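# Sequence plus predicted model, see below.
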Amino acid sequence: MNTTKSTKISEIKRDWHLIDVEGQILGRSASNIAQLLMGKNKPNFVKNLDMGDYVVVLNAKSVKVTGKKETDKKYYRHSGFPGGFRVETLQELRNKRPTEIVRRAVSGMLPQNKLKASMLKRLFIFEDKEHNYKDKFMVKGDSK
């Protein structure tokens, strides 16, 4: 009798992915990033384990959106205090914290459960091409 083996935590192998979103559509690239963070690209994927990889996103400030989202899309938050409701447009958020645009888009595409926080910890977003993880992406054959 053949039975399917369930994936163990010790069998999880995490890779590093470098994604440049310059000129890319925000939602399309966010869904690809979310799939990498969840580990859906792996053959032994299970929903109850955090199997995802590390993802480094470059050029977050130059990500594109379609239509009139630059001025019409709004981000809402509340501090919890009376009068603490804040509204920010995509354009304002791009000027203040451009990395937050990609983080919120990816966060909305991850499952709304206890694994979400650990998945988001493996997401590293940078405004431009400079990043701190160059050693993770060594070219094969490079002796450095």
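Now that the structure is in, tell me what you want to look at.

# pLDDT below threshold where in the chain?
Counting by pLDDT under 70, the ranges of the chain that qualify are 1, 138-144.

# how about the helices of this structure, start to end?
Listed from the start of the chain, the chain has helices (DSSP state H) covering 26-38, 69-72, 90-96, 98-109, 116-120.

# helices and strands around the shortest one, which ones?
Secondary structure elements in contact with helix 69-72, counted by 3 or more CB pairs under 8 Å, 6 or more residues apart in numbering; DSSP states H and E, are strand 85-89, helix 90-96. The way it works is simple: take the backbone N, C-alpha and C, and place the C-beta from them, glycine included.

# between the ones you listed, which one is nearest to residue 57?
Residue 57 lies closest, by CB to CB, to one member of these: helix 90-96, at 14.7 Å.

# Show me what that closest one is packed up against.
Applying 3+ CB pairs under 8 Å, 6+ apart, one finds that helix 90-96 makes contact with helix 69-72, strand 74-78, helix 98-109.

# switch the cut-off to 10 Å
The contact analysis (3 or more CB pairs under 10 Å, 6 or more residues apart in numbering; DSSP states H and E) places helix 90-96 against helix 69-72, strand 74-78, strand 85-89, helix 98-109.

# The helices and strands packed on helix 69-72: which one's closest to residue 23?
So among the helices and strands packed on helix 69-72, helix 90-96 is nearest, using CB to CB, at 14.6 Å.

# could I get that closest one in CSV with only the CA atoms?
Extracted in CSV, the C-alpha atoms of helix 90-96 (Å, rounded to 0.1, in the frame of the first residue of the first chain):
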residue,chain,number,x,y,z
LEU,A,90,-0.7,56.0,-3.1
GLN,A,91,1.1,59.1,-4.4
GLU,A,92,1.7,60.4,-0.8
LEU,A,93,2.8,57.0,0.4
ARG,A,94,5.2,56.7,-2.6
ASN,A,95,6.8,60.0,-1.6
LYS,A,96,7.2,59.1,2.1
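
# Run a quick neighbour tally on the residue nearest to residue 59 when sequence neighbours are not counted.
Among residues not flanking residue 59 along the chain, residue 22 sits closest, at 3.7 Å (CB to CB, 6 or more residues apart in numbering). By other CB atoms under 10 Å, the residues close to residue 22 number 13.
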